[in-house]
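Enquirer: A structural model of the following input is requested.
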Amino acid sequence: MCYPSRMKQRQNLVVVVAGAIVDDLTSPTKLLAARRSAPADLAGRWELPGGKVEGGEAFEAALSRELAEELGVKVQVGAAMSLPGGGRWPLRPAYEMVVYWATISAGEPAPLEDHDALVWVDASEALSLEWLPTNRPIVEQLLQTMYRVRADS
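Expert: Coordinates of the predicted model:
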């Protein structure tokens, strides 16, 4: 089995990590969404917060760093999101995203960098937000997983 944090970055490929920050890793009911404030072509749309992996950085460490910078929180990073056909979501040419489940372990989230608003949404509200086109299919799959976990509880 290949784990996303151990996958080698292909040359000239930018890997972005994002956090599916939920209220509870074992029985999630709410998801944290962040509204972009920059750049202009992304402003006003919602996304899962995160950012680029720096050279030599483990994916989970990159996510923890990015969420501390962007939201001012420490997180417990959970499992990488399971994807049909592999572990990364294509974003645009030369960019791929790995999404991890996460929960806040310290701090109160605030929009510190690249965002102007944060909102906790439940599964029934999440798709009413105007997600970045690259994030919407990810959120749809997250919601399916959240519903499955709740149904199994």
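
Enquirer: partners of the lengthiest strand in the chain, with directions?
Expert: In the chain, taking DSSP state E as the definition, the longest strand is strand 95-106. When pairing is defined by DSSP bridges, strand 95-106 lines up against strand 14-21 (parallel), strand 74-80 (antiparallel), strand 89-92 (antiparallel).

Enquirer: winner for burial among these?
Expert: strand 14-21 (a mean of 24; mean count of other CB atoms under 10 Å). Yep, even glycine has a C-beta here, placed from its N, CA and C like the rest.

Enquirer: what's the first helix or strand after that one?
Expert: strand 30-36 (DSSP states H and E).

Enquirer: other SSEs contacting that next one?
Expert: Judged by 3 or more CB pairs under 8 Å, 6 or more residues apart in numbering; DSSP states H and E, strand 30-36 is in contact with strand 14-21, strand 46-47, strand 115-122, helix 123-126, helix 136-152.
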